[in-house]
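>>> Please find the sequence and the predicted model below.
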Protein chains: 2
Amino acid sequence: MRTYCYRGRMPRVVDHEERRWEIVYALWLVIAQHGIEGVSLRHVAAEAGVSMGRIQHYFGTKEALVLAGCTSLVQSAYGGYQETADAAPRERLLHVVSQQIPRDDAGRMGVSVWYAYVAKSINDSAVRQVLAEARRGAEEECVRLIRADRGAVGDGDGRSALEQARHLLALADGLTLRVLVGDLEPAEAVGMLEVEVGRL
Amino acid sequence: MRTYCYRGRMPRVVDHEERRWEIVYALWLVIAQHGIEGVSLRHVAAEAGVSMGRIQHYFGTKEALVLAGCTSLVQSAYGGYQETADAAPRERLLHVVSQQIPRDDAGRMGVSVWYAYVAKSINDSAVRQVLAEARRGAEEECVRLIRADRGAVGDGDGRSALEQARHLLALADGLTLRVLVGDLEPAEAVGMLEVEVGRL
DNA sequence: ACGATAACAATACGTTCGCATCGCAACCTG
DNA sequence: CAGGTTGCGATGCGAACGTATTGTTATCGT
């Protein structure tokens, strides 16, 4: 049984989280299909099958909506990583660096949206902060996983764990781009990452 | 002395190429400062210090202007590469992969615009074609340079020249992104690329 | 039953957009 | 100088935009 802070009067109750998520998902679809320049409250509302008023009610302004879409994207990626908690370090590492390679349409959409935000981050400091924090987190996690793997198997090839982590992540980013543009097959990209992880 | 195709009548003569380039440069500035969503004929016209009518006269439509900005960007990069024609293969290779790392404000602008187009290429097939062709050209050139370098020094480390080229280019893309977002120093990125090129 | 309030939907408003059009000035040829 | 042509600035239009505001409905303590 939930308790409400305001005593006495209780208004209509809905699942706010669910509502927000529906809107954010529609936002992602619009970004993936028409790019960030194609985002408008009307478009998103139509895609979600809701009214503009609802979006305004939950996010206030368009800028806030777009930013919320960014943080949601980061968190959903992090959620996917946490599901690998009971795997070996090397497996988890491979997941971190190859998770973003688009394998199906859903993954394709995710990466499209991701790169839309990357481009936006150049001129939008709020988005930039979110992405920078996510990247820092991924790098630190990679360093941890590489160290854990070294402890289990042996030491590295002379480079520091940080250098190796940066190398892997940068390579993954570049390969993702290639797959996204369409002149590299997902399997090839994943294969190259497997080789690189295997070399540790 | 120039000759004109239409005989008899000669209209007012201006340097079309120069005019087009002024407008394209202003377009780049707008993209770098406000992103591609911030591009409008009025904005670009104001940045270039010309009228909207002029832009329409030279490019017709906004979409054509944006696409022209993309091809110009590719060609300017290619022009920069051609200036290294009389350098050693290894030097040229390093130039190809590290040229895009932003070192100063001008480079920063170039890369910002580049990534804006990359994001746009996801939903714009015309831009995608231009970028895909550029990337294919870069890859082929890298393969050539790697083979030339092998011929001069010895053979590779077991991977094919194509694999090595892809690895280098993907790594460069990823590192560029990191520098652009701001959590990696240009010198560090270039250093990593030098190490990687040196390993060939 | 009632009144207060959250959760919206609907609408209205002012701005900005891309683009079409018009008109004039610059320019060359005859 | 007359006539024709290009270059392009100025203006206007309809559509689409983000946001503020207003109106309606559902819900629950009293």
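In hand now; what should we look at? Please read these numbers as outputs of a predicted model, since none were measured by experiment.

>>> What parts of chain A come near chain B?
For chain A, the contact set with chain B under Cβ under 8 Å from any Cβ of the partner chain comprises A:32-38, A:112, A:115-116, A:118-124, A:128, A:131-132, A:135-136, A:163, A:166-167, A:169-175, A:177-178, A:180-184, A:192. All C-beta atoms are positioned from the backbone trio N, CA, C, and that covers glycine.

>>> Just the buried ones from these?
Neighbour counting with 16 or more other Cβ atoms under 10 Å in any protein chain shown marks A:32, A:34-37, A:112, A:115-116, A:118-124, A:128, A:131-132, A:135, A:163, A:166-167, A:169-175, A:177-178, A:180-181, A:184, A:192 as buried within the residues of chain A next to chain B.

>>> measure the residue lying closest to A:Tyr58 once chain neighbours are set aside to chain B for me?
In space, and not counting its chain neighbours, A:Tyr58 is closest to A:Arg20: 5.5 Å by Cβ to Cβ, 6 or more residues apart in numbering or on different chains. If you measure A:Arg20 against chain B using Cβ to the nearest Cβ, to the nearest Å, the figure is 23 Å.

>>> Which of the three states applies to A:Arg20?
In three-state terms, and counting by DSSP: H, G, I helix; E, B strand; the rest coil, A:Arg20 is helix.

>>> Would you mind measuring from it to A:His57?
For A:Arg20, the distance to A:His57 equals 10 Å [Cβ to Cβ, to the nearest Å].

>>> Between these two, which has more neighbouring residues?
A:Arg20 (16 against 12; other Cβ atoms under 10 Å in any protein chain shown).

>>> taking the buried ones among the residues of chain A next to chain B one by one, which sit in helices?
Per DSSP state H, helices hold the following members of these: A:32, A:34, A:112, A:115-116, A:118-121, A:128, A:131-132, A:135, A:163, A:166-167, A:169-175, A:177-178, A:180-181, A:192.

>>> residues contacting the residue nearest to A:Tyr58?
A:Tyr58, A:Phe59, A:Ala68 (Cβ atoms under 8 Å, 6 or more residues apart in numbering or on different chains).

>>> Let's see the pLDDT reported for the last one.
Read it as A:Ala68. You'll see A:Ala68 listed with a pLDDT of 98.

>>> Please apply the same query to the first one.
We have a pLDDT of 97 for A:Tyr58.

>>> Likewise for A:Met109?
At A:Met109, the pLDDT value in this model is 96.

>>> Could you do A:Arg7 as well?
Note on A:Arg7: pLDDT of 43.

>>> How much space separates A:Tyr115 from DNA strand D?
According to Cβ to the nearest atom of the strand, to the nearest Å, A:Tyr115 stands 20 Å off from DNA strand D.

>>> Contact partners for the closest residue to that residue other than its chain neighbours?
Using Cβ to Cβ, 6+ apart and skipping residues adjacent in sequence, the residue nearest A:Tyr115 is B:Ala119, 5.2 Å away. Residues near B:Ala119 by Cβ under 8 Å, 6+ apart: A:Gly35, A:Ile36, A:Tyr115, A:Ala116, A:Val118, A:Ala119, A:Lys120, B:Ile36.

>>> what do you get for A:Val113?
A:Trp28, A:Ile31, A:Ala32, A:Gly69, A:Leu73.

>>> where does chain A dip in pLDDT?
Scanning chain A with the threshold set as pLDDT under 70 gives A:1-13, A:153-156.

>>> re the thing from before, for DNA strand C, state which of the contacts of A:Arg20 is nearest.
Ranked by distance to DNA strand C (Cβ to the nearest atom of the strand), these are led by A:Tyr58 at 6.8 Å.

>>> residues near the closest one, how many?
If we define neighbours as other Cβ under 10 Å, then A:Tyr58 has 17 of them.

>>> Quick check: it vs A:His43, distance?
16 Å.

>>> again, but for A:Val96
33 Å.

>>> between those two, which one's more packed in?
Between A:Val96 and A:His43, counted using other Cβ under 10 Å, A:Val96 has the larger neighbour count: 23 against 17.

>>> Contacts only, for that one.
A:Val96 neighbours (Cβ under 8 Å, 6+ apart): A:Tyr81, A:Ala138, A:Glu141, A:Cys142, A:Leu145.

>>> What's the separation between the second one and B:Val111?
Just to be clear, that refers to A:Ala138. Taking Cβ to Cβ, one finds A:Ala138 at 21 Å from B:Val111.
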